[in-house]
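Q: Sequence first, predicted coordinates after that:
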Amino acid sequence: MDALGFVALAAGLIIGLGAIGACIGIGLMGGKYLEAAARQPELMNDLQTKMFLLAGLIDAAFLIGVGIAMMFAFANPFVAAA
């Protein structure tokens with residue numbers, strides 16, 4: 001397999017594993033939010049604000065991985081070295 005094939009495989013792994021991690025993280029966080037809101041409904045607004053902030057940070061980490069994968073796919077610095 002040539003260098004371009006390995007780059008495509010690595011980009012797919014970065015995006016795929018990042019998406020799986022982000023989905024699991026947001027799913028766990030949403031479940032814990034619902035549990036906490038059911039136990040203490042008076043804190044629902046504060047918890048909701050924190051939940052959306054964390055969801056944005058989890059998605060940001062995934063999108064940074066997508067950006068890095070796209071950089072390797074389209075402007076790959078390793079192809080010139082090979």
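A: Nice, I can see it.

Q: gap between L9 and F72?
A: L9 sits 11 Å away from F72, taking C-beta to C-beta, to the nearest Å as the criterion. Heads up, the C-betas are built off the backbone N, CA and C, glycines and all.

Q: Which of the two has more residues huddled nearby?
A: F72 (18 against 11; other C-beta atoms under 10 Å).

Q: where in this structure is pLDDT low?
A: Across the chain, residues meeting the criterion (pLDDT under 70) sit at 76-82.

Q: Okay, and L17 sits in which element?
A: helix 3-39 (DSSP states H and E).

Q: so what secondary structure elements neighbour the helix or strand following that helix?
A: Later in the chain than helix 3-39, the nearest helix or strand by DSSP H and E is helix 44-74. Applying 3 or more C-beta pairs under 8 Å, 6 or more residues apart in numbering; DSSP states H and E, one finds that helix 44-74 contacts helix 3-39.

Q: tell me which residues in the helix it packs on are buried?
A: 7, 10-11, 14-15, 18, 22, 25-26, 33, 36-37 (16 or more other C-beta atoms under 10 Å).

Q: Just put those residues in CSV and tack on distance to M44.
A: What follows is those, written out as CSV (distance: C-beta to C-beta, whole Å):
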residue, distance to M44
V7, 46
A10, 42
A11, 40
I14, 36
I15, 34
G18, 30
A22, 24
G25, 21
I26, 18
Y33, 9
A36, 8
A37, 5
